[in-house]
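[1] Generate a structure from the sequence data that follows.
(2 chains)
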Amino acid sequence: AQKITQTQPGMFVQEKEAVTLDCTYDTSDQSYGLFWYKQPSSGEMIFLIYQGSYDEQNATEGRYSLNFQKARKSANLVISASQLGDSAMYFCAMRGFWGGGSNYKLTFGKGTLLTVNP
Amino acid sequence: GAGVSQTPSNKVTEKGKYVELRCDPISGHTALYWYRQSLGQGPEFLIYFQGTGAADDSGLPNDRFFAVRPEGSVSTLKIQRTERGDSAVYLCASSQKAISGGAYNEQFFGPGTRLTVL
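    Residues are numbered from 1 along each chain as shown, chains lettered A, B, ... in the order given. Coordinates of the predicted model:
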């Protein structure tokens, strides 16, 4: 079984500042992937960044970076230089790899609502 | 290119009625997933298709829910005898294939169908 915990229901950040969205996870899979999605008010889930459990370096995609601490089972999303358009719900998710029943379905957390203030 | 499309975008129905929700995946994607997102929650897995067959329907809440993908492309989620508790956003996603370790195999989501059962 897999579980994602996002403890911040809402976060506020000033435009142009950096913000960290927390995510902890639990899984019995030896190999797994961690994902962050953005969901604007339009409802579509937009893939932001991916981290494999055996990747040695933290993933980065433009202004997004993933602070992966495997021993602590955390996968926090860092958004640098926040923009007004970053205001949205952010979901952390995971799935297992290489066999078993969890190697395709994504398990999501409850999300964090980020508001970027001008 | 065209993304995942879902119709209708909104569906309002009365308790006890039958509804069909349609998903048109990205061309060439063999894997298709349905998720349900209740208010204030992250998406929850319902069912996964690899080609035409439902490889895993363990997330369907009960036998009122059924999904098909007869030609390996478009999928329809069918809900019989709708209940108020079925009200949610139903998300469809597709990927090139289900089992892989890389981010290139990411699930791409559609905009969802918001179902309201009165």
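[2] so the residue nearest in space to the middle of chain B is in which element?
    Centroid check for chain B by C-alpha atoms, centre = their mean gives B:W34 as the closest residue, at 2.8 Å. Per DSSP states H and E: B:W34 is located in strand B:31-37.
[3] pLDDT of that strand, averaged?
    For strand B:31-37, the mean pLDDT works out to 95.
[4] ok, back up a step: for the residue nearest to the centre of chain B, which non-adjacent residue is closest in space?
    Nearest residue to B:W34, sequence neighbours excluded (C-beta to C-beta, 6 or more residues apart in numbering or on different chains): B:L46, at 4.2 Å. Quick note: C-beta positions are derived from backbone N, CA and C, even for glycine.
[5] where's the residue of chain B found nearest chain A relative to A:Q69, distance?
    Proximity of chain B to chain A (C-beta to the nearest C-beta) peaks at B:G42, 3.1 Å away. Using C-beta to C-beta, to the nearest Å, B:G42 is found at 21 Å from A:Q69.
[6] list the contacts for residue 81?
    No chain was given, so I picked chain A. Residues in contact with A:A81 (C-beta atoms under 8 Å, 6 or more residues apart in numbering or on different chains) are A:K16, A:E17, A:A18, A:R63.
[7] not what I meant, chain B
    B:R81 sits next to B:G16, B:K17, B:Y18, B:R64 when contact means C-beta under 8 Å, 6+ apart.
[8] make it 7 Å
    B:G16, B:R64 (C-beta atoms under 7 Å, 6 or more residues apart in numbering or on different chains).
[9] That one: what secondary structure?
    coil (DSSP: H, G, I helix; E, B strand; the rest coil).
[10] Check what pLDDT it gets.
    97.
[11] For A:E61, give me its contacts.
    By C-beta under 7 Å, 6+ apart, the residues touching A:E61 are A:L48, A:I49.
[12] just the strands in the chain please.
    Picked chain A for this. In chain A, the strands defined using DSSP state E lie at A:3-5, A:10-14, A:19-21, A:24-26, A:32-39, A:46-52, A:60-61, A:64-69, A:74-79, A:88-96, A:107-108, A:112-117.
[13] hm, I was asking about chain B
    Along chain B, the segments classed as strands by DSSP E run B:5-7, B:10-13, B:19-24, B:31-37, B:44-50, B:53-56, B:65-68, B:75-79, B:88-95, B:108-109, B:113-117.
[14] can I get those strands in TSV with distance to A:S74?
    Listed next are those as TSV, based on distance: least, C-beta to C-beta, whole Å:
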stretch	distance to A:S74
strand B:5-7	33
strand B:10-13	37
strand B:19-24	33
strand B:31-37	24
strand B:44-50	22
strand B:53-56	28
strand B:65-68	34
strand B:75-79	34
strand B:88-95	25
strand B:108-109	24
strand B:113-117	33
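[15] between these, which gets the lowest average pLDDT?
    Ranked by mean pLDDT, those end with strand B:53-56 at the bottom, a mean of 86.
[16] Packing partners of that one?
    For strand B:53-56, the packing partners by 3 or more C-beta pairs under 7 Å, 6 or more residues apart in numbering or on different chains; DSSP states H and E come out as strand B:44-50.
[17] helices or strands next to the strand it packs on in the packing?
    Strand B:44-50 packs on strand B:31-37, strand B:53-56, going by 3+ C-beta pairs under 7 Å, 6+ apart.
[18] Pull up the per-residue confidence for the residue lying closest to the residue of chain B closest to chain A once chain neighbours are set aside.
    Distances taken as C-beta to C-beta, 6+ apart place A:F108 nearest to B:G42, at 3.1 Å, with adjacent residues excluded. The score at A:F108 is 96. That number is its pLDDT.
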